[in-house]
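> model this:
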Amino acid sequence: MKPLMRVFGMAAAVFATLLFLTTPGPLPTASALTLIETPMFEDAVKSGRLPPVAERLPAAPSVVTLSGERQAGRHGGDLRMLIGRSRDVRLLVVYGYARLVGYTENFELVPDILESIDVEEGRIFTLHLRPGHKWSDGAPFTSEDFRYWWEDVANNPNLSPSGPPVDMLVKEEPPVFEVVDETTVRYTWPANNANFLPRLAGASPLFIYRPAHFLKKYHADYATEAELEERIGRARNWAAQHNRQDNMYRFDNPSLPTLQPWMNTTRPPATRFKAERNPYFHRVDENGRQLPYIDRVIMTQATAQLIPAKAGAGEVDLQARSIYFNNYTFLRAAQKRNNFETYLWREAKGSHFALFPNLNINDPVWREVMRDARFRRALSLAIDRDLINEAIFFGLAIPGNNTVLPESPLFREEYQTKWAQFDIDLANELLDEMGLTERGRRNVRLLPDGREMNVIVETAGEDTEQTDILELIKDDWASIGIKLFTKPLQREVFRNRIFAGETQISVWTGFENGVPTAAFNPVALAPTSQHSYQWPKWGQYYETKGRVGEPPDMLAAIELQNLHRQWLNAGSDEERTEVWGKMLSIHADQVFSIGVVSGVMQPIVVRNGLRNVPREGIYNWDPGAQFGMYRPDTFWFEAAD
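The predicted structure is shown next:
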């Protein structure tokens, strides 16, 4: 298995040199390649329904060169995957990973949809499109698609009541946007915007363009009242219908043109989604075959708990979603019989399993308790992480806090171990210090208002691993007078309860990027997102510029916000490193989230004959997009169906 340092080691150098993010050397043109027509499109080309491949590609396509274990392949076949919810059709965007700029598997940022990008002073970004690039319906992809999003969507109060996304603001100021020509746009901020390119490359990216030719039909500035009336349908108004049509990430509107390698052809509600290859996709291999190699991706919905069994029965060609390390033994036993292999990739999250005490809980008594750092420290101290590691992960994981991993240059041992040793006596002392000395029946401590300290830990209910870990924690917490109950929920209900302040403690994974350098934005360490489950309402307040949620009113949380601003305005790597250190120290001391183990191995089920899936890899959401940075458009079947 590759150590994480080898994989992430180049990131610091890359992010320190963002000013030079361009494609090296001359770009090959489509005319310079000997192009091979895609078999799936041969009939359509012959009949004139599609132009030939040379006319479908940009003038200078993205030429993918494969080497080592990954080789140029052949066209054809259907890739079968399972999803736990119909909403997971968005994984076609995640895995497809067509981005303006994207990460390589060494976590280098390189142009992808863009032909090149020039960055001056860290604040002036000039984006050069590929001439001749087209949307999936054959319409030109030009600077007008960027102008439309910025002027007619992001800055239209009907479509974006809160204004442009926070990611487009520096010191609360938007950029000056310019259309230079048909294939060039420029964004100029008043100060350094180190977050811009990583957000464009994200698993759930910042989409700064839209198919203007399609969406203008639903926009009041471009369509007549009669046309809008006809197209509104059951929506409240034209803006609601426009937003319904404009689902670049959700990917549930088959009519919306895309730049991804596969186009969703199935409109929800459905339990089986079929995506077909994009005839105008901008990548081509060195042999002249337009990517993707695989013709179709079939995503079938199944109960999340059944996905490991279905994968083990040979019902998938590629699967990691809803499969966990505790399924590995079963999968290994079934793989020879059912014609697949099980690879192991390393996770790079700050914690594989973390508990999030809700500091914004509505219950005033519980809110006061949750906000006392001694309570959170006591919960952390009363977890036998070594036992969990041995019992659940065969001793292969790393016990400790939700923080950066040893492979990160920012790592310090104290971040991983502070308040994370197993110490029941100290945990009890801290709770006694809080005045929580009264006990009721069954020796359960009492809250200040006399209620028993019954802690309900809510989960998304998608796997048994979380339940197994919580059962072990339950016994430990009983030793400090706290009764733990587990409450599995459907994911949407789970999240909505957290956002609404109804949840006491939730379970999720920790920091998505556990191996950052100082050049990565520490946004996840500050209250900036409602998806940070320890402070959802503070995150809502930040995301909506104060329209929804609550402003932070804890000194440590306010300090984290101020430090995040310092990072955004920092002028050197030394300043950014200092900010990271302060933020990580606050988290280690305040225990805003309670990490349990990290560095867990992720099983990857791969059908025999599916080529170019790496045997060793990093399975991470952002950066990485899970399979995305390994370019599934280059996966192919030895014998296509």
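> How far does stretch 300-307 sit from its chain's centre?
Chain-centre distance of stretch 300-307: 21 Å, with Cα atoms, centre = their mean, to the nearest Å.
> Stretch 187-195 too?
For stretch 187-195, the distance to the chain centre is 23 Å (Cα atoms, centre = their mean).
> buried sites along it?
Going by neighbour count (16 or more other Cβ atoms under 10 Å), the buried part of stretch 187-195 is 187, 189, 192, 193, 194, 195. For every residue, glycine as well, the C-beta is placed using N, CA and C.
> in the stretch 251-400 of the chain, which spans are strands?
According to DSSP state E, counting those that start in this stretch, the stretch 251-400 of the chain carries its strands in the segments 262-264, 272-277, 283-285, 296-301, 318-319, 340-347, 353-357, 398-399.
> Adding distance to residue 527, mean pLDDT and mean neighbour count as columns, could you present these in TSV?
Putting the strands of the stretch 251-400 of the chain into TSV (distance: least, Cβ to Cβ, whole Å; pLDDT from 0 to 100; neighbours: other Cβ atoms under 10 Å) gives the following:
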stretch	distance to residue 527	mean pLDDT	mean neighbour count
strand 262-264	34	98	26
strand 272-277	35	98	20
strand 283-285	39	97	21
strand 296-301	34	98	20
strand 318-319	35	98	24
strand 340-347	25	96	20
strand 353-357	12	98	25
strand 398-399	26	96	21
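> can you redo those strands as a markdown table with distance to residue 475?
Listed next are the strands of the stretch 251-400 of the chain as a markdown table, based on distance: least, Cβ to Cβ, whole Å:
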| stretch | distance to residue 475 |
| --- | --- |
| strand 262-264 | 46 |
| strand 272-277 | 42 |
| strand 283-285 | 53 |
| strand 296-301 | 36 |
| strand 318-319 | 33 |
| strand 340-347 | 26 |
| strand 353-357 | 15 |
| strand 398-399 | 17 |
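> among those strands, which is nearest residue 600?
strand 340-347 (5.1 Å; Cβ to Cβ).
> Given the closest one, what are its sheet partners and their directions?
strand 601-607 (antiparallel), strand 618-619 (parallel) (DSSP bridges).
> Could I have the CA atoms of that strand written out in PDB?
Extracted in PDB, the C-alpha atoms of strand 340-347 (Å, rounded to 0.1, in the frame of the first residue of the first chain):
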ATOM      1  CA  PHE A 340     -14.500  -9.900  -9.000                       C
ATOM      2  CA  GLU A 341     -11.600  -8.700  -6.900                       C
ATOM      3  CA  THR A 342     -11.600  -6.600  -3.700                       C
ATOM      4  CA  TYR A 343      -9.000  -3.900  -3.600                       C
ATOM      5  CA  LEU A 344      -8.200  -1.800  -0.500                       C
ATOM      6  CA  TRP A 345      -7.700   1.900  -0.800                       C
ATOM      7  CA  ARG A 346      -6.600   4.100   2.100                       C
ATOM      8  CA  GLU A 347      -9.000   6.700   3.500                       C
END
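> nearest to residue 176, of the strands paired with strand 340-347?
strand 618-619 (37.2 Å).
> So for residue 544, what pLDDT did the model give?
Turning to residue 544, the model gives it a pLDDT of 89.
> With residue 568 instead?
Reported pLDDT for residue 568: 87.
> and the strands paired with strand 340-347, which one is worst for confidence?
With a mean of 92, strand 618-619 has the lowest mean pLDDT of the strands paired with strand 340-347.
> Next SSE downstream of that one?
Elements were assigned by DSSP states H and E; along the chain past strand 618-619, the next helix or strand is strand 636-637.
> Would you mark the buried spots in the longest helix belonging to the chain?
Longest helix in the chain, counting residues (DSSP state H): helix 573-590. Neighbour-count burial for helix 573-590 flags 576, 577, 578, 579, 580, 582, 583, 584, 586, 587, 588, 590 (criterion: 16+ other Cβ under 10 Å).
> what sits against the spatially closest residue to the fourth one that is not a sequence neighbour?
What sits nearest to residue 579 in space, not counting adjacent residues and going by Cβ to Cβ, 6 or more residues apart in numbering, is residue 567, at 4.3 Å. Counting by Cβ atoms under 8 Å, 6 or more residues apart in numbering, residue 567 touches 521, 522, 575, 576, 579, 580.
> Can you add distance to residue 167 and pLDDT and give the residues you listed back as CSV?
Shown next, in CSV, are the contacts of residue 567 (distance: Cβ to Cβ, whole Å; pLDDT from 0 to 100):
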residue, distance to residue 167, pLDDT
521, 10, 91
522, 15, 96
575, 21, 94
576, 18, 93
579, 19, 98
580, 19, 98
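> Could you point out the member of those that lies closest to residue 638?
Within these, the smallest distance to residue 638 is 41.2 Å, found for residue 521 (Cβ to Cβ).
> Give me the pLDDT value at the spatially closest residue to that closest one that is not a sequence neighbour.
Leaving out its chain neighbours, the residue that sits closest to residue 521 by Cβ to Cβ, 6+ apart is residue 195, at 4.8 Å. Here, the pLDDT recorded for residue 195 equals 88.
> Please look at residue 195 and residue 522 and confirm they touch.
No - Residue 195 is beyond contact range of residue 522, at 10.4 Å (criterion: Cβ atoms under 8 Å).
> hang on, residue 74 in a strand?
No - using DSSP: H, G, I helix; E, B strand; the rest coil, the assignment for residue 74 is coil, not a strand.
> picking up where we left off before, for the contacts of residue 567, name the two members farthest from one another.
Using Cβ to Cβ, the contacts of residue 567 reach their maximum pairwise distance at 521 and 575, which is 13.7 Å.
> That's all I had, so thanks and see you.
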